[in-house]
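> sequence first, predicted coordinates after that:
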Amino acid sequence: MNLEIWRLLFDFGMVVLIWLVQLVIYPGLCYYSTSDVVNWHQKYTPRVSYVVMPLMVGQLVIAIIQVTKSAELYTVFSLSAVLILWLSTFIQFVPLHSKISQSQNCDGIPQKLVKRNWLRTILWTLVFFWSLYFI
């Protein structure tokens, strides 16, 4: 399989995952009591990481390879978008998840996750369609 097909597979995986997170997983957290959110979150986070991290790392690695092979509009935009998504994930979302995992006051955190995640959902969707268009 060529690099572009791998890229499309990683992008598609991320877009499916982010829509599941946005429409099912994060809103579902709003229905738990604080103690149940903490208990479920401590189980859920390591499990979902087995799906999330290979997809994110694969997408990033391929975007870097594509830029080094050919720095054109498609590859530069793609890498920039992926880097923005990584920054958003680790600056905004990891701290919110950490607050839940550490049993801190999680009132309102599930709602924040849902609200803030719309930007990532839209951007990962655009990245997928951008790749689909250029492949």
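Perfect, thanks for sending it.
> list of residues touching stretch 78-97?
7, 41, 45, 56, 59-60, 63-64, 66-67, 109, 112-113, 116-117, 119-120, 123-124, 126-127, 130-131 (CB atoms under 8 Å, 6 or more residues apart in numbering). Any C-beta I mention is one placed from the backbone N, CA and C, and that applies to glycine too.
> just the buried ones from those residues?
7, 41, 56, 59-60, 63, 66-67, 109, 113, 117, 120, 123-124, 127, 130-131 (16 or more other CB atoms under 10 Å).
> which pLDDT value belongs to Ile135?
At Ile135, the model reports a pLDDT of 83.
> list the residues that contact it.
So Ile135 contacts 4-5, 7-8 (CB under 8 Å, 6+ apart).
> from the buried ones among the contacts of stretch 78-97, which land in helices?
Among the buried ones among the contacts of stretch 78-97, the members falling in helices (DSSP state H) are 7, 41, 56, 59-60, 63, 66-67, 109, 113, 117, 120, 123-124, 127, 130-131.
> where's the most centrally placed residue in the chain, which helix or strand?
The chain has Ile18 as the residue nearest its centroid, 5.6 Å off, counting by CA atoms, centre = their mean. Ile18 is part of helix 3-20 when elements are defined by DSSP states H and E.
> other residues contacting the very next helix or strand once past that helix?
Downstream of helix 3-20, the next assigned helix or strand under DSSP H and E is helix 26-29. With contact meaning CB under 8 Å, 6+ apart, helix 26-29 is reached by 37, 40-41, 109-110, 113-114, 117.
> burial of Asn39, as a residue count?
For Asn39, the neighbour count with other CB atoms under 10 Å is 13.
> correction: Tyr74
Tyr74 - counted by other CB under 10 Å - has 17 other residues nearby.
> need the contact list for it.
Tyr74 neighbours (CB under 8 Å, 6+ apart): 66, 130-131, 134.
> try Leu3
Leu3 neighbours (CB under 8 Å, 6+ apart): 62, 65-66, 69.
> nothing else from me, thank you.
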